[in-house]
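Enquirer: Sharing a model prediction with you, sequence too.
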Amino acid sequence: MAPLPALITRENFKSFLESFDTVLTDCDGVLWHEDRLIGQAHVTLNTLQALGKKVFFVTNNSTKSRDDYVEKCGRLGFKATKEDILSSAYVLAQYLKQQGFQKKVYVMGMGGIVKELQAEGIQSTGGEPEVYDGGSLSTLMDKMKLDPDVGAVACGFDPYLSYLKVMRAASYLERPGCLFLATNTDERFPVASKGLVYPGTGCVVRCVETVAERPATVMGKPSTKMFSVIQEKNSLDPKRTLMIGDRCNTDILFGKNCGLQTLVVLSGVTTQADLEKWAASDDPEQHALLADYCLTQLDDLLAFLDPKQEQC
Ligand SMILES: O=C(O)[C@H](O)[C@H](O)COP(=O)(O)O
Ligand SMILES: [Mg+2]
């Protein structure tokens with residue numbers, strides 16, 4: 001057994017609010033679902049910023065660049081500069097820059113990865129559909145041409161996932177020293193409607209790992225790389241930093257791996273039933289998924305915050 005995350009109440013709100021200076025907030029499932037704002041999440045964060053809290057946006061979603069996220073945040077009413085945004089695509093590009101990578105990257109993913117690599121002067125190939133036309137495998141082998149300059153494979157969310165793209169990625173990964181990087185391994189997107197499940201980036205990464213017969217190096221949460229990148233330009237006190245997320249095996253584990261306070265919201269992937277199952281188990285790995293605090297959704301905080309008044 002382990003304790004459930006604490007609910008934030010009028011009684012404990014003041015001590016909660018005074019316990020952190022910085023917020024790292026996840027995006028999908030906390031702030032928005034695709035382009036749809038979740039409640040008054042923007043008002044909540046803007047109010048926390050008005051109270052002097054520093055806010056960073058830390059997303060595993062690799063489909064957009066930081067510039068794209070600045071535009072999206074502005075459009076949805078959040079206050080964010082490029083420096084406040086950490087995406088898994090940006091962390092991947094920073095990782096290759098720090099490795100002094102000079103070759104080309106084969107990208108299984110979308111524009112976010114390609115743009116962040118370009119920003120670091122790193123060339124890439126891939127990023128578009130490649131569909132099997134029904135020919136024999138030997139025909140495929142004859143037709144597939146590999147780029148001699150590729151020295152890394154980067155897997156992110158790729159809605160054009162295909163047999164040919166996995167074949168190409170795994171073939172590049174046969175090369176001695178070819179780097180194998182993944183933006184993240186989230187199992188599903190935090191949206192569900194009409195009984196449909198939205199496969200997450202994890203299905204792309206695990207597919208290539210199976211064929212390549214080796215694991216990818218994962219850039220996003222729960223890896224602490226995102227926090228290390230933030231700390232390169234800041235000196236946050238982990239104990240006075242609050243990580244807010246909707247997925248416990250990425251966001252909350254990331255917070256714990258970095259020594260942060262953690263708050264889970266139930267507006268995305270995690271449900272109350274999940275929390276009760278993990279709390280009732282004897283498995284320490286399930287206990288590790290339990291956050292310090294819990295809210296139904298981020299703007300529940302507005303019940304205790306007054307967007308117009310400075311807090312006493
Ligand atoms: O499958 C994915 O890539 C994830 O569901 C998505 O990227 C999660 O984004 P986040 O919740 O970290 O903003
Ligand atoms: Mg999320």
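Expert: Alright, I've got the coordinates. Ligands and ions are numbered 1, 2, ... in the order given.

Enquirer: Buried residues in the helix or strand bottoming out on mean pLDDT in the chain, which are they?
Expert: The weakest-scoring helix or strand in the chain, judged by mean pLDDT, DSSP states H and E, is strand 188-193 (a mean of 82). The neighbour-count check on strand 188-193 (16 or more other Cβ atoms under 10 Å) flags 189-191 as buried. For every residue, glycine as well, the C-beta is placed using N, CA and C.

Enquirer: same check, this time on stretch 79-92
Expert: 80, 84-92.

Enquirer: what pairs with the least confident helix or strand of the chain, and is each one parallel or antiparallel?
Expert: Using DSSP bridges, the strands paired with strand 188-193 in its sheet are strand 196-199 (antiparallel).

Enquirer: How far away from the center of its chain is stretch 234-247?
Expert: Put simply, stretch 234-247 sits 15 Å off its chain's centre (Cα atoms, centre = their mean, to the nearest Å).

Enquirer: will you turn the buried residues of strand 188-193 into a markdown table that also has distance to Cys178?
Expert: Formatted as a markdown table, those follow (distance: Cβ to Cβ, whole Å):
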| residue | distance to Cys178 |
| --- | --- |
| Phe189 | 29 |
| Pro190 | 32 |
| Val191 | 34 |
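
Enquirer: so which of those residues also contact ligand 1?
Expert: Phe189 (Cβ under 6 Å from any ligand atom).

Enquirer: which one among the buried residues of strand 188-193 gets closest to ligand 2?
Expert: Pro190 (5.2 Å; Cβ to the ion).

Enquirer: residues in contact with the closest one?
Expert: Contact analysis of Pro190 by Cβ atoms under 8 Å, 6 or more residues apart in numbering lists 28-29, 33, 246-247, 268-269.

Enquirer: Show me what the helix or strand encompassing Thr139 is in contact with.
Expert: Assigned by DSSP states H and E, Thr139 belongs to helix 137-143. With Cβ under 8 Å, 6+ apart as the test, helix 137-143 has contacts from 132, 135, 164, 167.

Enquirer: Counting neighbours, which of the residues you listed comes out on top?
Expert: Ranked by neighbour count (other Cβ atoms under 10 Å), those have Met167 at the top, with 18 neighbours.

Enquirer: Now for the residue in the stretch 1-150 of the chain positioned nearest to ligand 2, how many residues are close by?
Expert: Here the stretch 1-150 of the chain gets closest to ligand 2 at one residue, Gly29, 3.6 Å apart by Cβ to the ion. The number of residues packed near Gly29 is 23, by other Cβ under 10 Å.

Enquirer: swap in Ser15?
Expert: Every residue meeting other Cβ under 10 Å relative to Ser15 is counted, giving 8.

Enquirer: Ok, the one 5 residues further on next?
Expert: Counted with other Cβ under 10 Å, the neighbours of Phe20 add up to 21.

Enquirer: ok, now the one 10 residues further on?
Expert: For Val30, the neighbour count with other Cβ under 10 Å is 27.

Enquirer: Enumerate every residue touching the closest residue to it other than its chain neighbours.
Expert: With sequence-adjacent residues excluded and distances taken as Cβ to Cβ, 6 or more residues apart in numbering, Val30 is closest to Asp246, at 5.1 Å. By Cβ under 8 Å, 6+ apart, the contact list for Asp246 reads 26, 28-30, 190, 264-270.

Enquirer: I'd like the distance from the closest residue to ligand 2 within the stretch 101-250 of the chain to Ser228, if you could.
Expert: Residue nearest to ligand 2 within the stretch 101-250 of the chain (Cβ to the ion): Asp246, separated by 4.3 Å. Per Cβ to Cβ, to the nearest Å, Asp246 is found 23 Å from Ser228.
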